[in-house]
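Pasting a predicted model and its sequence here:
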Amino acid sequence: MYKASDPRKGGRPPFDAVLMFKVLVLQQFYNLSDDQTEFQIRDRYSFCRFLGLSPEGRVPDAKTIWVFRERLKQLALTDQLFGQVLSQIDAAGFTARKGQIVDAALVPVPCQRNRRDKNARIKAGDPPQEWSEAKRRQKDVQARWTQKHGQSHYGYKNHLSVDNQHKVIRHYAVTSAEVHDSQVFERLLDERNSSGDVWADSAYRDQTREQALARAGYRSHIHRKGSRKRALNEREQAANRKRSKVRARVEHIFAQQANRLIRTIGIARAEVKIGMMNLVYNMRRLAWLTG
DNA sequence: CATTAATGCTACGAGATGGA
DNA sequence: TCCATCTCGTAGCATTAATG
């Protein structure tokens, strides 16, 4: 799937694609910048051994890593890589079971320091033309602010579904942070789960969705929300507490990897980074499951 | 020599730091 | 508190290296 050129024509041979993929895995695992990754590969024996390189030999340059990630973006290969890991997890016997949990994690990026008028124009989809080309490519015009629990967050959102048995990420979707969780719910549903149970917090609650889920054979455990007109009664509250118990067991797993700042600029690159984040999470999960 | 990818160079943004 | 300056990081073009 990753083959750019015709080897008969000659040209400088690239680093092995599998090697480069492993570099990205290391980078994500230890949360390193491109330059740090290059440095640490040279510096750490364990990295070299994992990659099958010798520290005296040639090691991919920071830019080579960047260019490789850029290639993944252009060819839209992140999803395929994620899928490959997923099918290996399935093959190891950890197929999706006992229902699924849908949730979203915020992925912060460095806050923009724009003036108010510029921000208004960016939000309207009209980024300032007076910025020089060099400046424009350093400005993220796709990240957005959002509120959660009374706090402001800036960046993107990693929407995902996890199976309840193994806590493996089965589907994910990346949007800017302002997109409401509820808007991508259907894309995340995993129809291959052996159980039709679905848990989610009250942000996803919606009358037509409940009906659609039931028609499709799912059993919804989405939290009920109270309204100003009518608070939840005793029985509904008890049901919500029961649902929370299932969701609480994934929250702390996300906590360890969520809220990790990424520094890429634009949503396309954020997608690659977040895809790798989810992929590496699944790899760790598989390692934990196999002991 | 043509071709391809690795790497060098440079511009730039954001956050940290430290002095006035 | 303000702001100059330093550090770290990304982006993209220019240049160089390695192949048939």
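Perfect, thanks for sending it.

could you give the mean pLDDT of stretch A:187-195?
Averaging pLDDT along stretch A:187-195 yields 97.

Where does the prediction get shaky in the stretch 1-150 of chain A?
A:1-7 (pLDDT under 70).

what number of residues lie near the residue of it found nearest DNA strand C?
Closest approach between the stretch 1-150 of chain A and DNA strand C, counting by C-beta to the nearest atom of the strand: A:Gly10, at 2.9 Å. C-beta coordinates here come from the backbone N, C-alpha and C atoms, glycine included. A:Gly10: 8 surrounding residues under other C-beta atoms under 10 Å.

How about A:Thr208?
The number of residues packed around A:Thr208, counting by other C-beta under 10 Å, is 7.

Please, which helix or strand holds it?
Assessed by DSSP states H and E, A:Thr208 sits inside helix A:207-215.

picking that back up, ok, now which ones touch the residue of the stretch 1-150 of chain A closest to DNA strand C?
Residues counted as contacts of A:Gly10 (C-beta atoms under 8 Å, 6 or more residues apart in numbering): none.

which parts of chain A sit against DNA strand B?
A:4-6, A:9-15, A:58, A:60-61, A:63-64, A:67-68, A:110-114, A:131-132, A:134-135, A:138-139 (C-beta under 7 Å from any atom of the strand).

Give me the buried entries from these.
A:14-15, A:60, A:64, A:68, A:114, A:139 (16 or more other C-beta atoms under 10 Å).

Would you reformat those residues as TSV and include distance to DNA strand C?
Below are these laid out as TSV (distance: C-beta to the nearest atom of the strand, whole Å):
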residue	distance to DNA strand C
A:Pro14	10
A:Phe15	11
A:Pro60	13
A:Thr64	10
A:Phe68	12
A:Asn114	16
A:Lys139	10
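
Could you export the residues you listed to TSV, including columns for secondary structure?
Shown next, in TSV, are those (DSSP: H, G, I helix; E, B strand; the rest coil):
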residue	secondary structure
A:Pro14	coil
A:Phe15	coil
A:Pro60	coil
A:Thr64	helix
A:Phe68	helix
A:Asn114	coil
A:Lys139	coil
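
Out of those, which comes closest to A:Gly150?
A:Gly150 lies nearest to A:Asn114 out of those, by C-beta to C-beta, at 23.7 Å.

Leaving out the residues flanking it, which one is nearest to the closest one?
Distances taken as C-beta to C-beta, 6 or more residues apart in numbering place A:Ile122 nearest to A:Asn114, at 6.9 Å, with adjacent residues excluded.

which SSE is the one you found in?
Assessed by DSSP H and E, A:Ile122 sits inside helix A:116-123.

before we move on, what about A:Ser244?
helix A:234-257.

Give me the packing partners of the helix or strand that that helix is followed by, helices and strands only.
Counting by DSSP H and E, the next helix or strand C-terminal to helix A:234-257 is helix A:267-290. With contacts taken as 3 or more C-beta pairs under 8 Å, 6 or more residues apart in numbering; DSSP states H and E, helix A:267-290 sits against helix A:17-30, helix A:62-75, helix A:78-91, strand A:100-108, strand A:151-163, strand A:169-176.

and the fourth one, is it in reach of DNA strand C?
When you say that, I think you mean strand A:100-108. No: Strand A:100-108 lies out of reach of DNA strand C by C-beta under 7 Å from any atom of the strand, never closer than 13.6 Å.
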